[in-house]
Each structure stands twice: as structure tokens, then as C-alpha cells.
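Student: here's a sequence, model it:
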Amino acid sequence: QSGDEDDARATLETAHAMDPFNLSTTNYLRLLDDLATFAKKETPHFVLYYDAQRDPLIPEYFADYLEAIHADVCKAFNHEPSVKTYIEVFPTHDAFSVRTTGSPWIGTVGASTGRVIAMVSPRNGEATLGTFNWAAVLRHEYTHTVTLSATDNRIAHWMTEGLAVWQEEAPLRWNWVPMLYNAVKEEKLFTLDNITWGFVRPKKPQDRQMAYAQSYWIIQHIVETHGREAMLQMLELFRNGLSQDEVFTRVLQKTTKQFDIDFKVWTQQQISTWGYDEETGKQYEILRDLAEKYLKNKQYDQALNAWQEIQKIRPMDELPHKRLAGIHLAKKEPDKAIEHLKTLAKMEDKDNRWAKRVARIYRDEKRFDEGAESALLAVYTNPYDLDAHKLLAELYEKAGNQPGLAREQRVIPELEKWIEENRKRSSL
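Tutor: Sure, this is the predicted structure:
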């Protein structure tokens, strides 16, 4: 977990000699053999390891992105790790899981153990978990690295997770909204005393997602009500070895139990405008059915009015953005569609079609720099999408971005070769 691979191998080989049938030990030794074959790219603050044959595009984007976020994340917590962070990108989910837990399955795509960040390759394939926005994952995991370092690994589990989600700088995830609403209304929120169990020993299928969402919410509440400085003071006190109760009492001037009470009141205020109450829910269903009927009949003006009303009563819902974007495009109003498309692109971490659509609209409007930003997001979401790379190259060329264009001119032939080799391999 600390990146001391040579020491790890010596210890594991001793353990294997004592018990050659221990599966975890065998898995780790095989993993170290694989890691020894990985290519390496080193930057001022990171060391990137990857499988050069199966994931040739990794160094082209990961290294620059990591250096770009380093100062920002460190500034957020007034702390910089004293050693370089290792980033290990595994070509299969099994290998990533063994690196993280010693067993060939863990239900995530990235993990930080402090100095080491491990993740599975963000591409489609039977051995992976598909595409995902690797940039958001790396920012999340590097936040763990920084906060763990800042507190000498003494930070509360829920707090490092909440801060990592907070650093993603994205709106509340669509699927978290009804989950949080129901938890508040049914009084099923975690307390500060038991929220960490939602991560490490979930009792229900959604407990881990609930723990992530509520941890982020707690951070948001602390920053809104006590300021960012209070959050930094809490990190310092955790580093000094104070308990959670002591940290809350000293910094927020309230016990954890009093915080739970105040936080509950705050959450009720948060959900009051979300439109998931029974009365608004009935209104939503009536309007949605009417709006869909208008759309089916291509009555776009009536459909537009109906979906705008739906968005007003349920502002945290994904569907109105999809419908309004489609209506504006059908009415040849790309300028009005683009804000909805940008919202969808920012919230989507597996599908890059929204980002590509935004990029093409900007291209057609000759807003090339903005188009390149969206095309880059499309590449971040699916780095092996040739169409996204060609779109990005076109926009870089039109914007006069020579370094960006040069990178795409290197990457596109490499990607075309990679696609062809994988096609041949699949046909065998």
C-alpha cells in the first residue's frame, strides 16, 4: 500500500515459502510479476505505471492531467505530499482488485491507499468495467492521497470520502437525489457514529452509495455553515490524534450528537425544493404524460412549455434536461439546447455522447476553444473513442492549439493501430 514493492516481494516470498497454498499471497506475487513488466512515465509529482501494449494512450493524457490538478487539490487542503504519488493503471479489473484487496473482485474502478492510487483501465472489454471518466476518478483518488497525508492517515473514513466527492466539483448525482430525499423523509440518514459502517460493512445494497452521498453532504454543510477554514482545522486536529468528538467540539462548538440534530434540520431544508413530495409527484406525472404526448405528436411549442414547467417543479431531475435539449435541437435552437447538453455531459461519467454533441455545436458556431473543452471531456470519458479524438483534433486545429493538435496527431494513428490489432485478436 505504500508503494514499497521490493520489500513487499521479499515478505510475500517468505510467506509463500511458509504456506504455498495461501491464495492471497499467490495473487500478490503474480501481481508483482505483472507490475514488473509495466511501462513507467514520471512527472514532477507522480509516477505513472501502465501496460504499454494494452493501454498505449494512458501516458498521453494521465500525466498532463495529474500535474494540472496537483496544485489545485493541494491548495484546497493547504498540504502537499512529501513524496511522489504512484498511479498504477491495470488492464483488467481482476488485477486491479488483487492490487487493492488481494482478491479478484472489488466493486469499484479506483482506489487510493495513500501514496498509491490504483485503477482499472477506462475502456470497454470483458476484463474491465467499461468506460468511465477517469479524470474525475483520479481527482477523487488524489484527494484521498492528499487528505490522508495531511492527517497522517488519521482522518475519519467518511470525511476523506466526503472531501473526495467534494473535490470532483460536480453537482449532486442524479441517482443520489431520490435516495437522499427518501433517507431524510424516512429518517434513515446515518449518524456520525455509524456512517463509516456504510462503507466498510454495508447492510443494504445502497448503503455504500448512501454513505458517499451523505459524507459529501456533511462536508457541504460544514463548509456552508462554518467555512472552509473550519474544515482545515478539523484536518489538523485529526492529524494531532484527537477523536471525532473532540474535533467537532473544538472546531464547530458542538458535540457529534448535536451536529447530527442540526444536520438533519439542514437536510430537510435542502430537499424542500426538490419536488419529490407526494403532491408535487402527482403534478409531475400528469405534466410528464402530457409533455410526452406533445412530443410524440411533434407539437414542440406545447412540449417545450410543459417540460419547462416540469423542470421548475423538479429541478434535480435528469429527464427534463434530456427532453428540453431534444426539443430545442428539433426547433433548430442549438444555443438554447447547449446549456441542457452541458449539464448532461458534466453529470455523465460513462457515456460521452452529450459531450460530443456540445463540441459539435460549438464547432458549428465557430466557438472552437469551448468546443475543444467539450471534446476533451468526451476523450476523458472514453479515451478509446476514435471519433472523439478526431473531433478534438479538428477543434484544436481550428482553435490554433498546436500542442493539443500535435498530441492528437500522435494519438490517432496509435489508436487506429490499437483498434485494428484488437479487432484481429477478437476474430481469432
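
Student: now the strands: where do they sit in the stretch 101-250 of the chain?
Tutor: Per DSSP state E, counting those that start in this stretch, the stretch 101-250 of the chain carries strands over the ranges 110-112, 116-120.

Student: now those strands as a markdown table including mean pLDDT?
Tutor: Output for the strands of the stretch 101-250 of the chain, formatted as a markdown table (pLDDT from 0 to 100):
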| stretch | mean pLDDT |
| --- | --- |
| strand 110-112 | 95 |
| strand 116-120 | 96 |
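
Student: compare those and report which one is nearest to Pro44.
Tutor: Nearest to Pro44, of all the strands of the stretch 101-250 of the chain, is strand 116-120, at 16.3 Å by Cβ to Cβ. (Each C-beta comes from the backbone N, C-alpha and C, glycine too.)

Student: for that closest one, packing partners?
Tutor: Counting contacts by 3 or more Cβ pairs under 8 Å, 6 or more residues apart in numbering; DSSP states H and E, strand 116-120 is packed against strand 85-90, helix 93-101, strand 110-112, helix 134-150.

Student: what residues of stretch 119-138 count as buried?
Tutor: Of the residues in stretch 119-138, 119-123, 125, 128-129, 131-138 count as buried by neighbour count, 16 or more other Cβ atoms under 10 Å.

Student: I meant stretch 265-276, not that one.
Tutor: Buried, per 16+ other Cβ under 10 Å, within stretch 265-276: 267, 270-271, 274-276.

Student: how many residues are close by Ile313?
Tutor: For Ile313, the count of nearby residues is 17 (other Cβ atoms under 10 Å).

Student: so what's it up against?
Tutor: Contact analysis of Ile313 by Cβ atoms under 8 Å, 6 or more residues apart in numbering lists 275, 280, 283-284, 287.

Student: switch to 6 Å and redo it
Tutor: The contact partners of Ile313, taken as Cβ atoms under 6 Å, 6 or more residues apart in numbering, are 275, 280.

Student: and it, backbone torsions?
Tutor: The phi/psi pair for Ile313 (degrees, to the nearest 10) reads phi -80, psi -20.

Student: any idea how far it is from Ala306?
Tutor: Distance from Ile313 to Ala306, counting by Cβ to Cβ, to the nearest Å: 11 Å.

Student: now Met18
Tutor: 70 Å.

Student: in terms of neighbours, single out the busier of these two.
Tutor: Set Met18 next to Ala306 and count neighbours by other Cβ under 10 Å: Ala306 wins out with 24 against 9.

Student: verify the stated contact: the more buried one with Lys293.
Tutor: No: with contact defined as Cβ atoms under 6 Å, Ala306 does not reach Lys293; the gap is 9.0 Å.

Student: returning to that earlier point: mind picking the lowest-pLDDT entry from the buried residues of stretch 119-138?
Tutor: For the buried residues of stretch 119-138, the model is least confident at Gly125; its pLDDT is 86.

Student: quick one on the thing from earlier: now, the most widely separated pair of the buried residues of stretch 265-276?
Tutor: Thr267 and Gly275 (15.8 Å).

Student: wait, doesn't Val184 sit right on Ile271?
Tutor: Yes: applying Cβ under 6 Å, one finds Val184 in contact with Ile271, separated by 5.3 Å.

Student: overlap in contacts of these two?
Tutor: The contact sets of Val184 and Ile271 do not overlap (Cβ under 6 Å, 6+ apart).

Student: most packed of the strands of the stretch 101-250 of the chain?
Tutor: Neighbour counts (mean count of other Cβ atoms under 10 Å) averaged over each of these peak at strand 116-120, with a mean of 25.

Student: quick one: that strand to helix 134-150, angle?
Tutor: If you take axes from the mean of the first three to the mean of the last three Cα atoms, to 10 degrees, strand 116-120 sits at 160 degrees to helix 134-150.

Student: got the angle for strand 116-120 vs helix 93-101?
Tutor: Inter-element angle recorded for strand 116-120 and helix 93-101: 160 degrees (by the same axes, to 10 degrees).

Student: restrict strand 116-120 to CA atoms and write it as PDB.
Tutor: Coordinates of each C-alpha in strand 116-120 appear next as PDB, following Å, rounded to 0.1, in the frame of the first residue of the first chain:
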ATOM      1  CA  VAL A 116      -0.500   4.600  -4.300                       C
ATOM      2  CA  ILE A 117      -3.600   5.100  -6.500                       C
ATOM      3  CA  ALA A 118      -4.700   2.000  -8.400                       C
ATOM      4  CA  MET A 119      -7.400   1.900 -11.100                       C
ATOM      5  CA  VAL A 120      -8.600  -0.300 -13.800                       C
END
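
Student: quickly run through the sheet partners of that strand, with directions.
Tutor: Partners of strand 116-120 in the sheet, by DSSP bridges, are strand 85-90 (parallel), strand 110-112 (antiparallel).

Student: so what's Ala118 bridging to?
Tutor: Once the bridges are assigned, which here means DSSP bridges, Ala118 pairs with Glu88, Ala111.

Student: where's it relative to Arg30, distance?
Tutor: Going from Ala118 to Arg30 by Cβ to Cβ gives 15 Å.

Student: list the buried residues in the helix or strand that contains Arg323.
Tutor: For Arg323, the host element (DSSP states H and E) is helix 318-330. By neighbour count on 16+ other Cβ under 10 Å, the buried set for helix 318-330 is 318-329.
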